[in-house]
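Colleague: kindly generate the corresponding structure for this input.
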Amino acid sequence: MLEFLTFLLAPIGYAGLTATMLVAARGRWPDALARVTVGVILTHVFLVWHVRYGWQFSEATRNGYGGFVIFHTALAAIVASLAVELRVARRLIAGAFAAVTIGAVAATFKYEVVANYRIPVLVIATTGSAGLTRQLLVRKE
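Modeller: Predicted coordinates for the structure are as follows:
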């Protein structure tokens, strides 16, 4: 049950991150949404460390240090976005979205435990990427 909850929180947090990024890209900071999203993501990460890694650094880095550093840097950016001005928060959230998207999409194809989330993750990734691209193009016009 705890493993199910751990991985159910992942696409929920990813959807919240995407929604936060899309609202921020339009020039507004969704404070309540961002705070709830950070709570969901931190809970997910805490549970991954507990359920999957058993609080062992060697388990967290068993697939290499690159992914570990990228994901924990994205986590730090997401948390930091709550404490900085909108201009900086937008960049932090967009960068975190990019990193999380690459990892989340790959994970649904690589790991059986999250394969059931493949379609929702692909929908979220596509929605977020298209929305961010649209906002970037609108700004340049």
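
Colleague: so where do the helices sit in this structure?
Modeller: In chain order, the chain shows helices spanning 2-25, 31-47, 57-60, 65-80, 86-110, 118-140, with DSSP state H as the criterion.

Colleague: of those, which stretch is the most buried?
Modeller: Highest mean neighbour count among the helices of the chain (mean count of other CB atoms under 10 Å): helix 2-25, with a mean of 20. To be clear about C-beta, it is placed using only N, CA and C from the backbone, and glycine gets the same treatment.

Colleague: between helix 86-110 and it, find me the angle.
Modeller: Orientation check (axes from the mean of the first three to the mean of the last three CA atoms, to 10 degrees): helix 2-25 against helix 86-110 gives 140 degrees.

Colleague: mind giving me the packing neighbours of helix 2-25?
Modeller: Packed against helix 2-25 by the contact rule (3 or more CB pairs under 8 Å, 6 or more residues apart in numbering; DSSP states H and E) you find helix 31-47, helix 86-110, helix 118-140.

Colleague: okay if I get the ones you listed as JSON lines plus distance to Leu2 and mean pLDDT?
Modeller: Formatted as JSON lines, the entries for the helices and strands packed on helix 2-25 read as follows, by distance: least, CB to CB, whole Å; pLDDT from 0 to 100:
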{"stretch": "helix 31-47", "distance to Leu2": "7", "mean pLDDT": "98"}
{"stretch": "helix 86-110", "distance to Leu2": "19", "mean pLDDT": "96"}
{"stretch": "helix 118-140", "distance to Leu2": "21", "mean pLDDT": "92"}
